[in-house]
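*Asks:* just to be clear, the model below is a prediction. Sequence and coordinates:
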Amino acid sequence: QAILSKVVSRLRFHVDNVPYRLLVTYIGPGTQYLSKGHANPMMIPFKSLAQTHIWEDLLGTYRAWIARNISHEEYNKLALLPGSGVEACEPGEIIILKGAAWEQCNGAVHRSPPVKKGELRLVLTMDAA
């Protein structure tokens, strides 16, 4: 599946629920991502934490409250562990991100970058079949 989009979506850091996703930005700022070990597990739970039902329910309630009550900017600050930085692809660079459906890992934490008013972003997205 391939999608070309001019709309910025997914401004909050997240993990896609696919085995893997290929992204390439043709116009505008590239996809932003966190290096391994830089995501706050309280905001973006890892598989090993989310496998117990009590923990999953507690985190789900906490994350739902956060989603309703804070801005994208505040959420993204909380998603980073202290001292962590955000990496970004350059336009034209191809990035392949493992998702939550990949068996051997937690998936890559990433987001669409903020786009200034009047700026366009054209992205090609391809998911595993």
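*Replies:* Yep, it's here. Since the structure is predicted, the reported quantities are computational estimates derived from the model, not experimental observations. Numbering: from 1, shown residues only.

*Asks:* what are the boundaries of the strands in the chain?
*Replies:* Using DSSP state E, the strands found in the chain span residues 2-5, 20-27, 32-33, 87-88, 94-98, 110-111, 122-127.

*Asks:* sheet-wise, list the partners of the third one with their directions.
*Replies:* Within its sheet, and counting by DSSP bridges, strand 32-33 is paired with strand 87-88 (antiparallel), strand 110-111 (antiparallel).

*Asks:* who wins for proximity to residue 103 among those?
*Replies:* strand 110-111 (19.3 Å; CB to CB). Glycine gets a C-beta too; all of them are placed from N, C-alpha and C.

*Asks:* mind listing what's buried in the lengthiest helix in the chain?
*Replies:* Ranked by residue count and defined by DSSP state H, the top helix of the chain is helix 53-69. Buried positions in helix 53-69, judged by neighbour count with 16 or more other CB atoms under 10 Å: 59, 66.
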